[in-house]
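S.K.: coordinates only, sequence not included:
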């Protein structure tokens, strides 16, 4: 359930960033590209960290049962 909440929070942040980029994009296309690119890099990195934590948590019980 916590993973679902994490992904929902990431989806909300993504939607907010895209909305902010569209509003800012009216001023100059460069701002739009910069905001979207920066936010996508950050969100992809965070999503990768969440998936890594999930894999580590899933592997921990298996490692404990082997010893």
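M.R.: That came through, no problem. Bear in mind the structure is a predicted one, so any value in this text is a computation, not a measurement.
S.K.: can you pull the buried residues of the longest helix along the chain?
M.R.: Ranked by residue count, the top helix of the chain under DSSP state H comes out as helix 29-66. The neighbour-count check on helix 29-66 (16 or more other Cβ atoms under 10 Å) flags 32, 35, 36, 39, 50 as buried. Using the backbone N, CA and C atoms, a C-beta is placed for each residue, glycine as well.
S.K.: centroid residue for this protein?
M.R.: Taking Cα atoms, centre = their mean, the centroid of the chain lies closest to residue 43, which sits 3.0 Å from it.
S.K.: residues touching it, list them.
M.R.: For residue 43, the contact set (Cβ atoms under 8 Å, 6 or more residues apart in numbering) comprises 10, 13, 14, 17.
S.K.: quick one: residues in contact with the helix or strand containing the last one.
M.R.: Put plainly, it is residue 17. Using DSSP states H and E, residue 17 sits in helix 2-25. By Cβ under 8 Å, 6+ apart, the residues outside helix 2-25 that reach it are 31, 32, 35, 36, 39, 43, 46, 47, 50, 54.
S.K.: any chance of those residues in JSON lines, with distance to residue 3 too?
M.R.: Listed next are the contacts of helix 2-25 as JSON lines, based on distance: Cβ to Cβ, whole Å:
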{"residue": "31", "distance to residue 3": "33"}
{"residue": "32", "distance to residue 3": "31"}
{"residue": "35", "distance to residue 3": "27"}
{"residue": "36", "distance to residue 3": "25"}
{"residue": "39", "distance to residue 3": "21"}
{"residue": "43", "distance to residue 3": "16"}
{"residue": "46", "distance to residue 3": "13"}
{"residue": "47", "distance to residue 3": "11"}
{"residue": "50", "distance to residue 3": "7"}
{"residue": "54", "distance to residue 3": "6"}
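S.K.: no further queries at this time; thank you.
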